Each structure stands twice: as structure tokens, then as C-alpha cells.
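Student: Predicted model and sequence follow; I will ask about them next.
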Amino acid sequence: MGVQGGSAGGPQIQGRLPNQSLFQGGCIVFRSKLTNLDVGIAISAPSPRVRVLFDNRNHATQKVILYVGFPDKESAERVYSWLITHGYRHYDRATDTGILKPRKAERVDGMNWEIKIHRPTVELVNRFIAKDLAR
């Protein structure tokens, strides 16, 4: 993960996702403020309802967690159901990947509910950012 340059839109954050077979060497690139939460942990807000947490404490791999916020429980449950029916998996502790059921928002300010996705694909991150920015 690195922060490159600065501009009116904020620094460019580039996070390399782990697990080459799942992410095929993908890279997330977007403009957003990067906030350090702890040593090796940073979070960004690339859009109003999306947060991306980068956990770099294990220097061999970087873990990425996607948080998507919703104003109400029904909206969160609808998106969660869509994800599950379209092949995304429930959270698996053994692999530390997958989607957790909607919960009260902890990371997405201004939202009441959120979905937490461990090790999302680059395409999924980009999809949520694009849909949110298109609102």
C-alpha cells in the first residue's frame, strides 16, 4: 500500500490485494483521504457510503476489508441477499474471507447499517464505489 502525490481530491491510495488466484494481481486505485487507525492499519473513504480498510500488520500479505453503509436495515439485507445469490460467500473464519451479515454501522459515518466484506475482489470494491458515486 502506498500514498502517492497529492491533489485537490486528496492523495492517491494504491493497495495491492492478496491472494493472486482470487484477485489476479489486481490493484485498487482511487483518490481518497487516508486515515491511520493504528500501526499498519489505515482506512479510506473513496465515496460517502464506502470504506476500505488496509491491514498491513502482516508484512507478507495485506488484508483488505470493505465496508458498505446503508441508511436502513432493509437496504443492507437486500444487498446482502443479492451478494449471496450471486456467488459471494458467507464469511469463512478458516480462510478469513467472505461477507458478514448486516450489522449496525461502526465504520461508515452517517449510515445506520453496514456490510463488512473480508478480502473483496477488486471488481466488487470498484462496483460499490461506482454505484455510490453515481447517486
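Tutor: Arrived safely, thanks for sending.
Student: list the contacts for the residue nearest to Arg57 when sequence neighbours are not counted?
Tutor: Sequence neighbours aside, Gly40 is the residue nearest to Arg57 in space, at 3.9 Å (criterion: Cβ to Cβ, 6 or more residues apart in numbering). No exception for glycine: its C-beta is placed from N, CA and C like everyone else's. Residues near Gly40 by Cβ atoms under 8 Å, 6 or more residues apart in numbering: 55-57.
Student: Got a quick PyMOL command for the buried subset of the residues you listed?
Tutor: Remark: buried members of those, expressed as a PyMOL selection using 16 or more other Cβ atoms under 10 Å:
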select buried, resi 55+56
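Student: Start from the N-terminal end of the chain and give the helices.
Tutor: 20-23, 73-85, 122-133 (DSSP state H).
Student: State the number of residues packed around Pro102.
Tutor: 23 (other Cβ atoms under 10 Å).
Student: Tell me the spacing between it and Asn58.
Tutor: 28 Å (Cβ to Cβ, to the nearest Å).
Student: Ok, Lys104 next?
Tutor: Separation of Lys104 from Asn58 (Cβ to Cβ) stands at 28 Å.
Student: With Ala105 instead?
Tutor: Applying Cβ to Cβ, the value for Ala105 to Asn58 is 27 Å.
Student: which of the two has more neighbours?
Tutor: Ala105 (21 against 10).
Student: from what I can see the more buried one touches Trp113, true?
Tutor: Yes: at 5.7 Å, Ala105 and Trp113 qualify as touching, with contact defined as Cβ atoms under 8 Å.
Student: Report the set of residues contacting both of these two.
Tutor: Gly69.
Student: neighbours around the closest residue to Lys104 other than its chain neighbours, how many?
Tutor: In space, and not counting its chain neighbours, Lys104 is closest to Trp113: 6.4 Å by Cβ to Cβ, 6+ apart. Using other Cβ under 10 Å, the number of residues around Trp113 comes to 21.
Student: Check Thr97 too.
Tutor: 19.
Student: My guess is it contacts His118. True?
Tutor: Yes: the pair Thr97 / His118 is scored as a contact, 5.3 Å apart, by Cβ under 8 Å.
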